[in-house]
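Colleague: coords please:
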Amino acid sequence: MGCVCVHRERISVYTQRDTSTSTSKRTHTCFTPIILSHVLSYVIMLYEYKYSYECITLFASKAECLYLDPPFFLSVCIIFNENHAVKTKMEEVHKELITDNLVPLTRDLDPGQIYTELIAGRVLTFEDKEKISKIDTRKAQSMELISVLLRKGPNAFGVFMNALQCTYPHLYDLLSGGAGNADDICESLQSELQAYYEESLGSIYPMPWVQRVRLSLNDVYVEHHLKVTTTHKGEETQISTDQLFEPIKEGQKIPRRLLIEGNPGSGKSTICDWLAYQWSQLSNGEARGICSFDLVIYLHAKHLKDQTTIADAIKSHLLPEDFDISSCRLTEVLKAKYVLFIVDGFDEACSENPLLEQLIERKILRHTNILLTSRRGFLQEKLKYFDLIFEVEDYDEQQQLKHVERFAEHQKLPMSQFKSLFEVNEVENLCKNPLHLTLMCLLHTETDVRTRTRTELYSEIHGFILCKVTERMKLTENEVEHRLLRPLYQLAFEAFENEEDVLHERDFERAGLSSEEVCEVGYLARDILIRGIKQERRYSFTHRTFLEFLAAKHLVLMAAEERLKWLRKYYFRANSNRVEEVQRFNFSLLFRVAENIVAFLFGFLQKHPDVLLQMASTVIDATLDRKFFRSFYNSLSLPDGSLCPLSHVFCRLLCELNTMPLVLVTAIAKRLSLCSKVSVGFNCSDRCIKGMAIMYNLCPSESLSISLHIHTQQYTQTNIPLLRELVNLSIFDCVCIYVTDNNHLKSSLHALRIGQADSIKNVHIIKSSVCKDIAPPALPFGDDLRGISLMKYDKWSTRRFLEIVSKKPLIELGVVGCDLDDRCKRCLSNLLLNRDLGFKKPTHGMTALRYFYVVISIDFQPIDRILCNLHLLRLQEFHIQYVLNDDNLNAITGAIRSWSNLQVLVIHDSSHEVSIADNNVRISLTEGAVRLLIKAIASCRSLKTLFLHGLQIQDRLIPELCKMLKSLIQLTNFKLSYIHDGTLTEEGFMPLQQFVDQRVGFKCADHKTFVKERS
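Modeller: I've put the predicted structure just below:
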């Protein structure tokens, strides 16, 4: 009754004012001391249970049932709020800490620097502040402040500690030291976390709508294979999850910052679950791998959103409410101990997540270990912060079998029930994905499922859910669809757009739905989050792919224009008006955000050709701007082939189609007509390769000639058949292999079966900048190898390659950017003469060679040994780039006269470029030699393409050039980049310029202009 007595006058004034109101219809109670005592009891009870002021207000509105007056009740609450600390006490242990450290506290503390925090924490009132501030000395002020704090309630110590943390860290440490040492706290934390992981991760529910299907993680987990690039050469190593926290190679340090990337459903989250669960089971004495860590903090990336510190996130999501530790003290323990942070799902919560970015970029907890998971392509600009980057590999056949066996054993079902999973070729690609395989196993427990695409698989699951819901809720399918599912589709779509993967009660209220009814459908799992007195009920999707599937279902129901508008938000053609926007977003990230939804849309809409064509055209247009994307990739400073090309987005989408509408075939053919090469990058998935095979198989073989560039570093059981199917398409005239070392070269030739009778027979071998090996003395080329081109090799490797292929029936040979010594040139000369070839020589003593390329930009060594035998050939295509002299040009001129079927001729004299590089050198072709060349070319009636670069032209040669061009009636592509001095005048050049301007595909340019345009 003390506080009521003190404020009796205020209560009396309030009640008199209220009761004097003549218009009041309420009959007011006479407030006797007994009633006031009861009121005070209620107030104390509410504050002791930490009810908020809003809760007390709600209670007051019901107070009439207790014969209380609500306004008066609130008045008492306000009065009590100012004085309630008198009725509660600070804990004795905290009082002792403050008293034991009284000397340093009064010596160093300036109360004026922490008033704000103490008032905001409702420990001090403004009256307390004024009273303390009136004291003369700072030391006396500190003493009075401590005296006041010791009389405050149990929350005062925590608020006081938070106030000291930033301003007086040494005082904070003094008071923290007595609250338990780091070892004791770590032991308590370890116990709590292990208990939490064991309880929450021991079982998994792959289908939330079938709660009876609970799988034991320990029983069904199948070891995943992780692939990591370990050297600058691009060498890759395969490890298991048990080896994640061990040196990859002997002598290396233990990696501390790991990134695991993989496709949706590939098992990233399961790996995280398994690691945390394994840590929860550790026994004393274990000190390897995951068991070597004092603490394992397992959070989802979304848990770090809207949090101030990492410690706050841990307290909110991992620790029980009654675990008494301050965020400051928890942070100190994290810094002092050997801790691993496992953060799952970066791609699901990467935007507006500053705490996660700080953790990745070492701005906080710099020396802790971190394992982060994400879908591919979301961390390109942050890769530098990781020691190793792993990729979750798809299941191989052995893993698939083990997965199904463990599932069957766990469910006590015969393996024969799952026999069709391994008999149907169409499901082979789905079975490589652990999530999809689990879902197919679950569906097989009910019925025999035959699916070929992800859309079909998830549609089967959706049909299964719908069937069960109608039985359980006694509703028709139509009622369930319109009453529950369609609103859920919209909620899933809105969650995706808002970058959320959970739903809240307010979402259901806004949609006019009952959350309990929607949960009965089965797509959502309830998750109650308790913080303080407030409970928040949330509803999460078991896997993000389910959210994406439902969001796609909503888009199907949208009007076509609205759907197209949404699609263009993620797939837009880059233009100058959006350059800044493009720079802000990583294009591969932007496209991948919505890719799963768009893939489902392709599957849903394949029976609507016109709608599908609109969507396909939007995606094609957005990914076709090669010039823009080339500059974009260059800005990332990444090695060639390291990223999956953006054009592969469309390839992956095609994997969802069982039938190809004719209108889409036409659109694809139009797109392919613009392509000259296709690339398979380091990170390309099997779906990329499969989609390319679908797309390029649609095009007539005679219409296009495209080169296939292979950057793949590892050939697996899953991608070898797909790559073989791709390279054998008749649309590809050659395959280009980017070699990192000899082992990679051998495995590429073996996997792709280069030169075999039933495989591609033309190969370009390009030495990557990381390759330091000399070519091996033997390579597995097939006996039917017909073409080889070497690029960027040294003289030893070039010579070995030429010796290896000397017995092959080549019709195409090229050396581009290679070093050529005398022995190399002798090998080339022998090949041109067709000496020692293991097949019957063509008639007339000529070789079978039809295509020959020599591209050496700057080399002064004579090439007469090679050129002197050119006239023995019957070439259809000839390229040469070299520092030429008159003898060289005369040899080429003589050979051209004998090439009656020559169709492509490229002559590039590098003399002028050498002059730019070295001012002391100038090698020039004479007018007479050039004139003879022009006359020889005029006799090539079958010529279709002619490029002449670096030739010096005078007025006297212009009539000869015009005559030559007029005689070449099949010529469709002509380029001339010329060098000139005072002997070429504008008037003299005019006839040639006028002739060229009248022909499509013809172009003349000054050599300096040509070099500038090419660069």
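Colleague: what's the offset of stretch 814-832 from the middle of its chain?
Modeller: In terms of Cα atoms, centre = their mean, to the nearest Å, the centre of stretch 814-832 is found 44 Å from the chain centre.
Colleague: Where does the record place the domain boundaries for this protein?
Modeller: Following the TED database, one finds the domains of the chain at 92-176, 182-393, 476-555, 558-697, 875-1014.
Colleague: Averaged pLDDT, the fourth one. What do you get?
Modeller: The one in question is domain 558-697. Across domain 558-697, the average pLDDT comes to 75.
Colleague: So that it lines up with my notes, have the first residue be 718 from now on.
Modeller: Okay, residue one is now 718; in that scheme the one you just asked about reads as domain 1275-1414.
Colleague: what about that domain, start to end distance?
Modeller: Start-to-end span of domain 1275-1414 (Cα to Cα, to the nearest Å) is 33 Å.
Colleague: One more: the first one?
Modeller: With Cα to Cα as the measure, domain 809-893 spans 15 Å from end to end.
Colleague: number of nearby residues for the closest residue to residue 1200 other than its chain neighbours?
Modeller: Of all residues not flanking residue 1200 in the chain, residue 1192 sits nearest, at 7.4 Å (Cβ to Cβ, 6 or more residues apart in numbering). (Each C-beta comes from the backbone N, C-alpha and C, glycine too.) Residue 1192 has 14 neighbours, counted by other Cβ atoms under 10 Å.
Colleague: what pLDDT does residue 1192 get?
Modeller: With respect to pLDDT, residue 1192 scores 87.
Colleague: just to revisit the earlier point, which stretch in the domains of the chain is the model least sure about?
Modeller: Note on the domains of the chain: domain 1275-1414 shows the lowest mean pLDDT, a mean of 75.
Colleague: The closest residue to residue 1059 other than its chain neighbours in helix, strand or coil?
Modeller: For residue 1059, ignoring the flanking residues on the chain, the nearest one in space by Cβ to Cβ, 6+ apart is residue 1015 at 4.5 Å. With DSSP: H, G, I helix; E, B strand; the rest coil as the basis, residue 1015 sits in strand.
Colleague: Check the one 5 residues further on too.
Modeller: In the three-state summary, residue 1020 is assigned as helix, counting by three-state DSSP.
Colleague: The residue nearest to residue 1059 reaches residue 991, doesn't it?
Modeller: No - the pair residue 1015 / residue 991 is not scored as a contact, 10.8 Å apart, by Cβ atoms under 8 Å.
Colleague: Between these two, which has more neighbouring residues?
Modeller: Applying other Cβ under 10 Å to residue 1015 and residue 991 shows that residue 1015 carries more neighbours, namely 26 against 21.
Colleague: check contacts around that one.
Modeller: Listed by Cβ atoms under 8 Å, 6 or more residues apart in numbering, the contact partners of residue 1015 are 914, 989, 992-993, 1035, 1059, 1061.
Colleague: Of the residues you listed, which is the nearest to residue 815?
Modeller: For these, the closest approach to residue 815 (Cβ to Cβ) belongs to residue 1035, at 29.9 Å.
Colleague: Could you list which of the contacts of residue 1015 belong to strands?
Modeller: In this view, those that belong to strands under DSSP state E are 1059, 1061.
Colleague: Which of the contacts of residue 1015 fall in helices?
Modeller: Residues of those located in helices (DSSP state H): 914, 989, 992-993.
Colleague: Report the two of the residues you listed separated the most.
Modeller: Pairwise distances among the ones in helices among the contacts of residue 1015 were taken by Cβ to Cβ; the largest, 10.6 Å, belongs to 914 and 989.
Colleague: okay, now residue 1163: neighbour count?
Modeller: Neighbour count of residue 1163, defined by other Cβ under 10 Å: 12.
Colleague: element containing the closest residue to it other than its chain neighbours, please.
Modeller: In this structure, residue 1163 finds its nearest non-sequential neighbour in residue 1181, 6.6 Å apart by Cβ to Cβ, 6+ apart. Using DSSP states H and E, residue 1181 maps to helix 1171-1190.
Colleague: tell me which residues of that helix are tucked away?
Modeller: Under the neighbour-count criterion of 16 or more other Cβ atoms under 10 Å, helix 1171-1190 has 1171-1179, 1181-1183, 1185-1187 buried.
Colleague: Could you do stretch 1443-1453 as well?
Modeller: Going by neighbour count (16+ other Cβ under 10 Å), the buried part of stretch 1443-1453 is 1443-1446, 1448-1449, 1451-1453.
Colleague: so of those, which ones are in helices?
Modeller: Using DSSP H, the buried residues of stretch 1443-1453 in helices are 1443-1444.
Colleague: Same list (the buried residues of stretch 1443-1453) but as JSON lines, adding pLDDT.
Modeller: Shown next, in JSON lines, are those (pLDDT from 0 to 100):
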{"residue": "1443", "pLDDT": "87"}
{"residue": "1444", "pLDDT": "86"}
{"residue": "1445", "pLDDT": "84"}
{"residue": "1446", "pLDDT": "83"}
{"residue": "1448", "pLDDT": "80"}
{"residue": "1449", "pLDDT": "84"}
{"residue": "1451", "pLDDT": "88"}
{"residue": "1452", "pLDDT": "91"}
{"residue": "1453", "pLDDT": "92"}
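Colleague: In terms of distance to residue 1538, which of the buried residues of stretch 1443-1453 ranks first?
Modeller: Of all those, residue 1453 has the smallest distance to residue 1538: 25.1 Å, by Cβ to Cβ.
Colleague: list the contacts for the closest one?
Modeller: By Cβ under 8 Å, 6+ apart, residue 1453 lies in contact with 1394, 1424-1427, 1480-1483.
Colleague: hang on, the earlier thing: packing partners of the helix holding residue 1181?
Modeller: Helices and strands touching helix 1171-1190, by 3 or more Cβ pairs under 8 Å, 6 or more residues apart in numbering; DSSP states H and E, are helix 1151-1161, helix 1194-1197, helix 1232-1238, helix 1261-1274, helix 1312-1321.
Colleague: Name the stretch among those that sits most buried.
Modeller: helix 1312-1321 (a mean of 24; mean count of other Cβ atoms under 10 Å).
Colleague: what sits against the spatially closest residue to residue 1130 that is not a sequence neighbour?
Modeller: Computed as Cβ to Cβ, 6+ apart, the closest residue to residue 1130 that is not its neighbour in sequence is residue 1162, at 6.6 Å. Taking Cβ under 8 Å, 6+ apart as the criterion, residue 1162 is in contact with 1128, 1130, 1134.
Colleague: From these, pick the one nearest residue 904.
Modeller: Distances from residue 904 to the contacts of residue 1162, taken as Cβ to Cβ, are shortest for residue 1128 (38.9 Å).
Colleague: Do I have it right that residue 1377 meets residue 1415?
Modeller: Yes - proximity of residue 1377 to residue 1415 meets the contact threshold set by Cβ under 8 Å, at 6.7 Å.
Colleague: Roughly how far does the residue nearest the centre of the chain sit from residue 1106?
Modeller: Residue closest to the average C-alpha location in the chain (Cα atoms, centre = their mean): residue 1094, at 2.3 Å. Distance, residue 1094 to residue 1106, by Cβ to Cβ, to the nearest Å: 12 Å.
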